[in-house]
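# what follows is a predicted protein model with its sequence.
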There are 2 protein chains.
Amino acid sequence: MKVLIAGAAGMLGRKLAERLSSAGRIGNRELTGLTLADVVAPQRPPDHAGDVELLALDVSNADDVGRLIARRPDLVYHLAAIVSGEAEADFDKGYRINLDGTRHLFEAIRREGLREPYKPRVVFTSSIAVFGAPFPEVIPDEFGTMPLTSYGTQKAVSELLLADYTRRGIFDGIGIRLPTICVRPGKPNKAASGFFSNILREPLVGLEAVLPVSPDVRHWFASPRSAVDFLMHAAALDLAQVGPRRNLSMPGLSATVGEEIEALRRVAGERAVKLIRHEPDEAIMRMVAGWPPRFDAERARALGFAAEARFDDIIRIHVDDELGGRIGG
Amino acid sequence: MKVLIAGAAGMLGRKLAERLSSAGRIGNRELTGLTLADVVAPQRPPDHAGDVELLALDVSNADDVGRLIARRPDLVYHLAAIVSGEAEADFDKGYRINLDGTRHLFEAIRREGLREPYKPRVVFTSSIAVFGAPFPEVIPDEFGTMPLTSYGTQKAVSELLLADYTRRGIFDGIGIRLPTICVRPGKPNKAASGFFSNILREPLVGLEAVLPVSPDVRHWFASPRSAVDFLMHAAALDLAQVGPRRNLSMPGLSATVGEEIEALRRVAGERAVKLIRHEPDEAIMRMVAGWPPRFDAERARALGFAAEARFDDIIRIHVDDELGGRIGG
C-alpha cells in the first residue's frame, strides 16, 4: 500500500508518519511506499525501514498537486492547511490553501481516474471549528456546520466536497473532525486555544503558564496520540458501513479548565498547579464562549473510534510521549 | 436603489424582475436602476418604467462577473444556477456554474470593495436540496446540510461562503432555501420533481398527466408567488436581527401527493382528477424517498417570511397568475 501524507511537516503529520513507519502496515496491508509532502520538506521518520519520498510543494498549486497524485497512492492523507488564526488574518491565503488546496487535490484524483481507473482512499482532517455557537448542551451528529471563522468555513466546504466526490465514486473519503488537541507539544503559541495546553505543558517542566479564562470554561479534547489513532483507524475501516455522511465528529473528552487543573494536581502535584497564573483576557474569553463544549460522537464511537475518558490520561500521555516519562523542572 | 439580478432569464428571475418593476421600490427605497443578466439575454419586464440593462454573460467567467459588479448595484440577487438534474449529469458544468460562479460573484464584490468602499446586500437562492435523508419528522433550523446530490453540495458550499463573506463585512448576505416550487408554470419537464406540478398544471388545462409515485409521498412546497415574496422580503429585511446564521429554510406547505389531488378535486372537480394517470416509476420513487417532508422554518417565520397554508391556495394562485383565472381544457 502506497501512502501519501499532504501536510506531513505539521505536528500531527509528523506523528502520523512516525506511527505509520513503525507499524509498517495499515490494517492487514503492508506499507510499500511513503510520500511525505508539505510546504517545507518534511523530515524522514526515524524508524522508517524503506524508502521515503520527501517533497516540498504548495497544495494551492494545481500542477504540483497533479504531479503528486500521478504517483497514484492507495491512501491519501490530506492534512495540509493553515491554522485558524492565520486563515482569519489572511483571507486570501486561507481560501487559497484550505479551500483551493483541497479542491486541487480532489480534482487531481478525479483527473487521474479519468486517465486510468483510480480510486484511492482519502482521509481528511477536519475540525470542530466547522461548528459555531449557539450550541445545544451536547452537540449531536446531525448538527449543522455553521462556522464562525473562515477556517471553519474552509473545513466545512472541504467536508461537503469530500462527501460529494465520494458519493460520485471518485474516491473513498472520510472526514475526521478533530477535537482540540491537548496537550499540544512545542512552545506556547499565540493561538487563542493555546492556553488549554500551555497550562499543562509548561508547569510539567517547571515553567509558568498564563490562564486567560475562568476555570468553568468547558471544551472538547483529545490527545495527539488519539488523533493519530483516529487517522490510523480511518485508513483501515470498512467505509461501506459509513454510508453517505462521510464527515464524523470524533470522540473526545469534555472537560472544564478547572478539571484540567485538578488532573494536573493529581498527576504532577501542587507545585505544578502553583505555576498557573490567572490573568483574565476579555478578548480570549469572548472567543472561547463560542467554542463547542461537548459532542455526542455516537456514529464515530459505533465505528470504533475512541479517545481518552479521563484528563489524567491526557496528561500522562504527554509525559510519556514528549517528556520521556519524567515530570518536573 | 440599483438592483442586479444574476439569473434573470429563469422562471423565478423573470417573475422577480416583473414584481420589482411593478412595485418600483424595495421596502421604502425607490428602484433607480435594474440590470438583468443571464447566460441568454433576459427579456425586458413589460411594466418597467425606466431603463433596464439586459446582459447575456456567463457567471463562470470571472471577468464578466467583475464587469457586472463594477456597476456597483446596491442589491444583488444571485439566482444563477444550473438545475439539479444537469448538475448531476455534468459534474464539471455543475461545479463551474453553481460553485465557481457563486465564488466569482462574491469575490468580485470583495475586490470592488477593496478598490473603493462597497457593501451591497446579496440575496442568494439556495434550496432544500442542501439536505439529505434520513430526516427527522420535522427538520429543525439547526439540521446539518448533508446533501445527496452535487447540486445540493454546490448550494451548501455557496451558503457557507455567503455566511463567511457576510461575517467578514464584505457584503450583507442572506440565503433563501426555497421549498419545491409548485405549481411550476411551463411545459412538463424531465426533472424528477416535475410530477408534483405536472399532476396539477396539466389537468387544469384539460391535459393528461402521469403520477409516478404513491399518493402517500410527502414533500415541502411553496407557490412561485411565495418564492418571489421571499426574495422581496429578504431585500427589505433588517438583516442585523438575523445574526451570523444567514441561510434560512423558508416556510412552506407540507403535503402528500394525495392531499394535492384532493385540493385539485376541490378547485377543479372530478374531471380534472380523472386526467391523472398512475404509472409507478421505481427510479423516481427511490429518489423521492430521500427528499425532505417537512421543515420547522421557525427562524424564517419569526422574521416575517410566510407561505401558503392550504394546497387549494397554491392551485388558485396558479390559476390566477398563469391561466387568467380560467380552469378547463
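The structure has been received and is ready for your questions. Because the structure is a prediction, the values reported are computed rather than measured. Residues are numbered from 1 along each chain as shown, chains lettered A, B, ... in the order given.
# can you pull out the helices in the stretch 201-329 of chain A?
A:224-236, A:257-268, A:270-273, A:282-288, A:298-302, A:311-322 (DSSP state H, counting those that start in this stretch).
# which of the ones you listed has the lowest mean pLDDT?
Mean pLDDT per stretch puts helix A:282-288 lowest among the helices of the stretch 201-329 of chain A, at a mean of 88.
# mind listing residues that contact that helix?
Helix A:282-288 has contacts (CB atoms under 8 Å, 6 or more residues apart in numbering or on different chains) with A:192-193, A:195, A:212-214, A:217, A:219. Where you see a C-beta, it was placed from the backbone N, CA and C, and this is true even at glycine.
# distance between that helix and the chain's centre?
23 Å (CA atoms, centre = their mean, to the nearest Å).
# flag every buried residue along that helix.
Judged by neighbour count using 16 or more other CB atoms under 10 Å in any protein chain shown, the buried positions of helix A:282-288 are A:284, A:287-288.
# do stretch A:46-58 as well
Quick answer for stretch A:46-58 (16+ other CB under 10 Å): A:48, A:52, A:54-55, A:57-58.
# closest to residue A:301 among these?
residue A:48 (31.9 Å; CB to CB).
# quick one: that closest one and residue A:34 touch, right?
Yes - the pair residue A:48 / residue A:34 is scored as a contact, 6.8 Å apart, by CB atoms under 8 Å.
# who touches both of those two?
A:17, A:21.
# hmm, back to that, and among the helices of the stretch 201-329 of chain A, the most buried is which?
Of the helices of the stretch 201-329 of chain A, the one with the most neighbours on average (mean count of other CB atoms under 10 Å in any protein chain shown) is helix A:224-236, at a mean of 21.
# relative orientation of that one and helix A:311-322 in degrees?
80 degrees (axes from the mean of the first three to the mean of the last three CA atoms, to 10 degrees).
# starting at the chain centroid, how far to helix A:224-236?
10 Å.
# so what secondary structure elements neighbour it?
With contacts defined as 3 or more CB pairs under 8 Å, 6 or more residues apart in numbering or on different chains; DSSP states H and E, helix A:224-236 has these neighbours: helix A:11-23, strand A:25-26, strand A:75-78, strand A:121-127, strand A:172-178, helix A:311-322.
# ok, the fourth one: who's next to it in the sheet?
Strands that pair with strand A:121-127, judged by DSSP bridges, come out as strand A:75-78 (parallel), strand A:172-178 (parallel).
# contact partners of the last one?
If you take CB under 8 Å, 6+ apart as the criterion, strand A:172-178 is touched by A:119-128, A:130, A:158-159, A:162-163, A:165-166, A:222, A:227, A:230-231, A:234, A:237, A:239, A:242, A:246-250.
# can you do 6 Å?
A:121-128, A:159, A:162, A:166, A:227, A:230, A:234, A:239, A:246-247, A:249-250 (CB atoms under 6 Å, 6 or more residues apart in numbering or on different chains).
# let's see the lowest-mean-pLDDT helix or strand in chain A as CSV, backbone CA atoms only.
Between all helices and strands in chain A, the lowest mean by mean pLDDT, DSSP states H and E belongs to helix A:282-288, at a mean of 88. The C-alpha coordinates for helix A:282-288 follow below in CSV (Å, rounded to 0.1, in the frame of the first residue of the first chain):
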residue,chain,number,x,y,z
GLU,A,282,-11.6,39.6,27.8
ALA,A,283,-10.8,39.0,24.1
ILE,A,284,-9.9,35.4,24.6
MET,A,285,-12.9,34.9,26.9
ARG,A,286,-15.3,36.2,24.2
MET,A,287,-13.8,33.9,21.6
VAL,A,288,-13.9,30.8,23.8
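# tell me which parts of the stretch 151-300 of chain A are close to chain B?
A:153, A:156-157, A:160, A:164, A:245 (CB under 6 Å from any CB of the partner chain).
# repeat the analysis, applying 8 Å as the threshold.
For the stretch 151-300 of chain A, the residues in contact with chain B (CB under 8 Å from any CB of the partner chain) are A:153, A:156-157, A:160-161, A:163-164, A:167-168, A:244-245.
# ok, so of the residues you listed, who is nearest residue B:64?
Distances from residue B:64 to these, taken by CB to CB, are shortest for residue A:157, at 23.6 Å.
# so that closest one touches residue A:99, yeah?
Yes - shown here, residue A:157 and residue A:99 form a contact pair, counting by CB under 8 Å, at 5.6 Å.
# and which of the buried residues of stretch A:46-58 is nearest chain B?
residue A:58 (20.0 Å; CB to the nearest CB).
# pLDDT value on that closest one, please?
pLDDT at residue A:58 comes out at 94.
# how about the contacts of helix A:282-288 in a markdown table, adding neighbour count and distance to residue B:63?
Output for the contacts of helix A:282-288, formatted as a markdown table (neighbours: other CB atoms under 10 Å in any protein chain shown; distance: CB to CB, whole Å):
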| residue | neighbour count | distance to residue B:63 |
| --- | --- | --- |
| A:192 | 20 | 39 |
| A:193 | 21 | 41 |
| A:195 | 23 | 47 |
| A:212 | 22 | 47 |
| A:213 | 23 | 48 |
| A:214 | 13 | 52 |
| A:217 | 21 | 48 |
| A:219 | 23 | 45 |
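# what is the lowest-pLDDT residue among these?
Minimum confidence in the contacts of helix A:282-288 sits at residue A:192, scoring 78.
# correct me if wrong: it contacts residue A:85.
Yes - contact criterion CB under 8 Å: residue A:192 and residue A:85 qualify, at 7.1 Å.
# which residues touch the nearest residue to residue A:280 once chain neighbours are set aside?
In space, residue A:280 comes closest to residue A:212 once its chain neighbours are excluded; the distance is 6.3 Å by CB to CB, 6 or more residues apart in numbering or on different chains. Counting by CB under 8 Å, 6+ apart, residue A:212 touches A:195, A:279-281, A:284-285.
# hmm, 7 Å instead?
A:195, A:279-281, A:284 (CB atoms under 7 Å, 6 or more residues apart in numbering or on different chains).
# check residue A:124 too.
A:78, A:158, A:162, A:173, A:175-176.
# circling back to that earlier point, can the helices of the stretch 201-329 of chain A go into a markdown table with extra columns for distance to residue A:206?
Output for the helices of the stretch 201-329 of chain A, formatted as a markdown table (distance: least, CB to CB, whole Å):
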| stretch | distance to residue A:206 |
| --- | --- |
| helix A:224-236 | 22 |
| helix A:257-268 | 10 |
| helix A:270-273 | 8 |
| helix A:282-288 | 25 |
| helix A:298-302 | 37 |
| helix A:311-322 | 13 |
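# go through those and name the closest to residue A:113.
That would be helix A:224-236 among the helices of the stretch 201-329 of chain A, by CB to CB, at 19.4 Å.
# ok, residues contacting that closest one?
A:11-12, A:15-16, A:19, A:26-27, A:75, A:77, A:121, A:123, A:174, A:176, A:178, A:181, A:185, A:250, A:304-305, A:307-308, A:317, A:321.
# which among the residues you listed end up buried?
A:12, A:15-16, A:19, A:26, A:75, A:77, A:121, A:123, A:174, A:176, A:178, A:181, A:250, A:305, A:307-308, A:317, A:321.
# still on that earlier bit, just the ones of the residues of the stretch 151-300 of chain A next to chain B in strands?
Judged by DSSP state E, strands contain none of these.
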